[in-house]
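1. Prediction below, plus the sequence it came from.
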Amino acid sequence: MSTTTAETPADAIERPPAPAPGKARGRERTGLAATLASHGVLTVAGLIALFPIAWLVFLSLGPDKDDYLHPGRIWSKMTFDNYSYVLQHTNFFDWLKSSMIVALGTTVIGVLIAATTGYAVSRMRFPAYRKFMWVLLVTQMFPVAVLMVPMYQILSDLQLIDTYFGLILVYCSTAVPYCAWLLKGYFDTIPFEIDEAGRVDGLSPFGTFARLILPLAKPGLAVAAFYSFITAFGEVAFATTFLLDDQKYTLAVGLQSFVSEHDAQRNLMAATAVLIAIPVSAFFYLVQKNLVTGLTAGGTKG
C-alpha cells in the first residue's frame, strides 16, 4: 500500500526553483578559482615577508665578514662560529639583560599609565577631556631629533642619565600616548552597565576598573603591551644618547659595536640580529592570541 502526498499551491509557490546544472557548475568553478587565487596571493605575500628573515639567517652562517658580497659561496662553508663568537666573546648577555630590564619596565609602567588614562577618558567626562586626548596625539608628531635635547636636559637635572629608569621614562613618553588612544577605543566597547553593576556591589571606581574592566580588556592590554615592548626593545637613538656605560648598552646599541670607522663585521651583526629576534618572538607568542581581537576592537571605536 503506497501513500502519496499532494502538493498544495502554497508549497509550489514557496519552493525555490532548482538552479540549472550549467549555472551550478559555473558557480563552483568561479568559487574554486577565487579560492585558488586568494591562496596564491597569500602564499606569495608570506614568502615575501619571510624572505628577509631567511636571508638574514643565511648570511649569519657565513664565516667571513664579506660573504654578503658573494652569498653563493656560503653554501660550501656554513658554520655556527658567528653565534659562538657572539655568545662567548662579546657582552651579549649584558646587552640582553639591559634590554629586558628596559623593555619589561616600559611595558609594565607604560601599560599601567595608558590603561588608567584610557579608562578615565572613556568613562569620565571632565573639562577639556577631548583636548587632552588630542594633546596626547600631537605628541606623536615630534621627531626624535627635536625631543633629544630637552629630554637630555630633563634627565640630567633629575640625575637619571645613564640609568635604566631614565630610559624607561623616555620610552614611556612615546608608548603611553599611542596606547592610551588604543585602550580608550577598546574600553568604549565594554558596556557601561558593567561599571554600574560594580558600583551597585559597593566597588570603588578603581575597584571596578581593576576587578571588572581589566579582565575584559585583556586583548587590548596585550596589544598595548606588545607595542610598548617593541618600542623599547629595538630603539637605538635614545638608548645611544642616554646610556653611557657599555655594560648597560641594550642589544640595539651593542649591535653597533660591530661597526667601526673603517670596518664592519656584518657576519657577526647578522648572527646577533638573529639572536635578538628570539626574545621578541617569544613575547609575541605569549600575546598573539589576543593581538587580532585587540587591534580590531581598539581600531573601530573611539
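-> The structure has been received and is ready for your questions. Numbers count the residues shown, from 1 in each chain.

2. So, low pLDDT: which residues of the stretch 201-302 of the chain?
-> Applying pLDDT under 70 to the stretch 201-302 of the chain flags the ranges 261, 290-302.

3. Residue 228: what's it in contact with?
-> 103, 106, 107, 110, 111, 114, 171, 172, 175, 179 (CB atoms under 8 Å, 6 or more residues apart in numbering). For the C-beta atoms, the positions are set from N, CA and C on the backbone; glycine is no exception.

4. same thing with residue 172?
-> 106, 109, 110, 113, 228.

5. Quick check on the residues you listed: which are buried?
-> By neighbour count, with 16 or more other CB atoms under 10 Å, the contacts of residue 172 hold 106, 109, 110, 228 as buried.

6. Give me the pLDDT value at the second one.
-> Confidence at residue 109, expressed as pLDDT, is 95.

7. For the helix or strand harbouring residue 47, enumerate the helices and strands it packs against.
-> Taking DSSP states H and E as the definition, residue 47 sits inside helix 21-60. If you count contacts as 3 or more CB pairs under 8 Å, 6 or more residues apart in numbering; DSSP states H and E, helix 21-60 packs onto helix 266-300.

8. run the last query once more with 10 Å
-> Helices and strands touching helix 21-60, by 3 or more CB pairs under 10 Å, 6 or more residues apart in numbering; DSSP states H and E, are helix 81-89, helix 266-300.

9. Looking at those helices, which is nearest to residue 126?
-> helix 266-300 (21.8 Å; CB to CB).

10. where do the strands sit along the protein?
-> For the chain, applying DSSP state E gives no strands.

11. who's in contact with residue 229?
-> 100, 102-104, 106-108, 110-111, 171, 175, 279-280, 283-284, 287 (CB atoms under 10 Å, 6 or more residues apart in numbering).

12. Closest one to residue 71 out of these, please.
-> Distances from residue 71 to those, taken by CB to CB, are shortest for residue 280, at 25.1 Å.

13. In contact with that closest one: list those residues for me.
-> 99, 103, 226, 229, 230, 233, 234, 251.

14. same deal with residue 86?
-> Here residue 86 is in contact with 60, 92, 254, 258, 267, 268, 269, 270, 271, 272, 274, 275 (criterion: CB under 10 Å, 6+ apart).

15. Compute the number of surrounding residues for the fourth one.
-> Pointing back at residue 258 there. 19 (other CB atoms under 10 Å).

16. how near is it to residue 154?
-> 32 Å (CB to CB, to the nearest Å).

17. Repeat that for the fifth one.
-> Residue 267 sits 40 Å away from residue 154 when distances are taken as CB to CB.

18. quick one, helices of this structure?
-> 9-14, 21-60, 81-89, 92-123, 129-138, 144-157, 164-187, 193-200, 205-208, 214-216, 218-233, 237-242, 251-254, 266-300 (DSSP state H).

19. Just want the angle from the third one to helix 92-123.
-> To tie it back to what came earlier, the one meant is helix 81-89. Interaxial angle, helix 81-89 versus helix 92-123 (axes from the mean of the first three to the mean of the last three CA atoms, to 10 degrees): 90 degrees.
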